[in-house]
Structure formats: structure tokens, C-alpha cells
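Novice: here's my sequence, what's the structure:
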Amino acid sequence: MNPDSRPPARSLLRKIAEYLHPGPDSKAELFATLEEAQDRRLINAQSLAMLEGVLKLSDMTAGDVMVAAPRMELLDIDADFDDLLNIVIDTAHSRFPVFEGERDNIIGILLAKDLLKRQRSPEIHLRALLRPAVFVPESKGLNDLLTDFRGRRNHLALVVDEFGKTAGLITIEDILEEIVGEIEDEFDTREGDGASADIVSLPEDGAYRVSGQAALVKLVDQFDCEFTQEELDQFETIGGLVAHRMGHVPRGGEEHIVGGLRLVVLIASRGAIKWFRATRLA
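Specialist: Alright, predicted model coming up:
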């Protein structure tokens, strides 16, 4: 080896410093080191959360963050164009798995923008607009999956279980949100806004904005709602109860009456209800 190419020797002071303050030997110690860095104001809380998210990503799999199959928004290859367009508009997703016959038979991915080509040229069969579907096992590590997404310039993958059945789907956004946290929309409420994060009074007379994650017991306290004991035992959130009663995850604009409230879905995202507009029944 050329003597000039050798790395410079560590100084005696550096060796002593490393002996007195050795680096972290485990992930737990690394987390503690990062928290200490925040305490010393070397990094802020947001940077700490993102760094911890990156480190936790290596221990997570596609099955940990996927949208479960019953909550997936799918398109039927044989459905009418108007029905497909309504689903695309109501859900506001950009990509949709397309099935033929049974929901578990995914034959491709349709981009919402490609559906517009069918509107301009009705003779185009929907099958010609499909992109190949990517399938990954539930055990696929998120680090590897993120690398695949970037390398293939793909944003969505179908997750299959050990028997080859569709278990759910995962998008590149799902992975990024594990690092940066949930990407908020205009309906999200931050701390300090002077309002509850779950139930907010709206300017309309007697109307409220209610989170789909609001606890049933909280609605009982706020609105004196009436739920059966079985419902209280089986469900924790109002979104879960409404989806169960309706037999599907409702889309924006759908309404349901429960516990003395009329609930209209404002936003449904990633297979779950995010916000309702709630009014008391007379």
C-alpha cells in the first residue's frame, strides 16, 4: 500500500475521547444519543422525529403499514365508465387496482389521468390503459420496498400473503409518512388552534366537524349519543362503527344516521374515514 494513501492516524486526544465517550453500540443507544442531541439543541424535535422514523423503517415490513384488502378502493374492469369516473372523483386517488370477476383477481393498475383518455376516445378499451401491477410479500422490508419504488419509478404495490392472496396495498406515500409523519390536509387541526382535534364547531348552525378517529365515548359526552353496549364493546371509533354499519368504507358525500347524529362524510382517505360533518337530529 502506498504510504500516502493510508488514512491519517487518530490523534492521542481523539483516542482518549473515544475511550471516554464511546459511540452507540445498539439501536437503543443510538436513539438515546439522538434524544440527547435534541436536549442539547443540536437538532430540533422535527429532525429527531424524522431520524427516528428512518431508523425504525429498517425494522418494518409492507404488512405493517399496508391498507388492508377490505379497505382498498378497486375498479371493476367491466363497470360502466360513469361509475368508474364517480369512484375516481369521490376518492380523489391517483392510482387504482383493477380487478376482473373477483376482487382478489387484480389484473393491473389504472391511473386516474389515463381514464380521461377513455372519455375523449370511447372506443379505447379500459384494458389497454392498464399498467402492470407490482406484487410484493407482506414480509418485504420497507427499506427495500422504497428502493424498488424509486428504481422502478412506481408508486403503488399490491401486498400478498403467504398463500398468494391479496392482503392489501401500499404506496410510496405510506412509507414516506412513516418518516415525516402523516401529510396533513386543510381539515387537520394543529395543537394551539383553540379547538379539539376530534370535534370542532363549524360556522353553520349546529354543525360540527368530527374526526373518524373520535372515540365513541367522546361523542356520548359531547352529543349525548346513544350507542348499544355491544357497539361500545366492539368499536372504539365512530369511523369504525359507521363503516361496519354501512358494510363498506363510505366515500365523500355519503351519510349515515347513528346515535342521534346525521353524519356526512367529508373526507375518506386510504380506506378510512377522516372527517364527518355532524348535525343533531331534531
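Novice: okay, CA-based contacts and neighbour counts for the rest of this
Specialist: OK.
Novice: please identify the buried residues of the helix or strand hosting V242?
Specialist: Assessed by DSSP states H and E, V242 sits inside helix 238-246. Going by neighbour count (16 or more other C-alpha atoms under 10 Å), the buried part of helix 238-246 is I238, G239, G240, L241, V242, A243.
Novice: contacts only, for the last one.
Specialist: Yep, that's A243 we're talking about. By C-alpha atoms under 8 Å, 6 or more residues apart in numbering, the residues touching A243 are V249, P250.
Novice: from I179, how far out is it?
Specialist: 29 Å (C-alpha to C-alpha, to the nearest Å).
Novice: the first one now?
Specialist: Between I238 and I179 the distance is 28 Å, computed by C-alpha to C-alpha.
Novice: how about the fourth one?
Specialist: Counting by C-alpha to C-alpha, the separation of L241 from I179 is 30 Å.
Novice: same thing with the second one?
Specialist: The span separating G239 from I179 equals 25 Å under the rule C-alpha to C-alpha.
Novice: got it, and A37?
Specialist: Taking C-alpha to C-alpha as the measure, A37 falls 19 Å from I179.
Novice: how about the helices in this protein?
Specialist: Listed in chain order, the helices of the chain (DSSP state H) span 12-20, 27-39, 45-57, 62-65, 81-91, 112-120, 142-152, 172-180, 216-223, 229-234, 238-246.
Novice: can you list these in TSV and add mean pLDDT and distance to R277?
Specialist: Output for the helices of the chain, formatted as TSV (pLDDT from 0 to 100; distance: least, C-alpha to C-alpha, whole Å):
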stretch	mean pLDDT	distance to R277
helix 12-20	54	59
helix 27-39	74	40
helix 45-57	77	31
helix 62-65	87	28
helix 81-91	82	16
helix 112-120	83	27
helix 142-152	90	35
helix 172-180	82	26
helix 216-223	88	13
helix 229-234	87	21
helix 238-246	88	12
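Novice: quickly compare those and say which is most buried.
Specialist: Comparing the helices of the chain by mean neighbour count (mean count of other C-alpha atoms under 10 Å), helix 62-65 ranks first with a mean of 20.
Novice: centroid residue for this protein?
Specialist: Centroid-nearest residue in the chain: D174, 4.9 Å away (criterion: C-alpha atoms, centre = their mean).
Novice: and G192, what pLDDT?
Specialist: Note on G192: pLDDT of 40.
Novice: again, but for E100
Specialist: Predicted confidence (pLDDT) for E100: 92.
Novice: count of neighbours near the closest residue to it other than its chain neighbours?
Specialist: In this structure, E100 finds its nearest non-sequential neighbour in I77, 5.6 Å apart by C-alpha to C-alpha, 6 or more residues apart in numbering. Number of residues near I77 (other C-alpha atoms under 10 Å) recorded here: 21.
Novice: my guess is I77 contacts E102. True?
Specialist: No. If you go by C-alpha atoms under 8 Å, I77 and E102 don't touch, sitting 10.6 Å apart.
Novice: next, the angle from the helix holding V242 to helix 216-223.
Specialist: 100 degrees (axes from the mean of the first three to the mean of the last three C-alpha atoms, to 10 degrees).
Novice: what does stretch 86-106 rub up against?
Specialist: Outside stretch 86-106, the residues that reach it (C-alpha under 8 Å, 6+ apart) are 73-78, 107-113, 133, 156, 165-166, 251-252, 268-269.
Novice: tell me the contacts of A112?
Specialist: Neighbouring residues of A112 by C-alpha under 8 Å, 6+ apart: V88, H93, S94, R95, F96.
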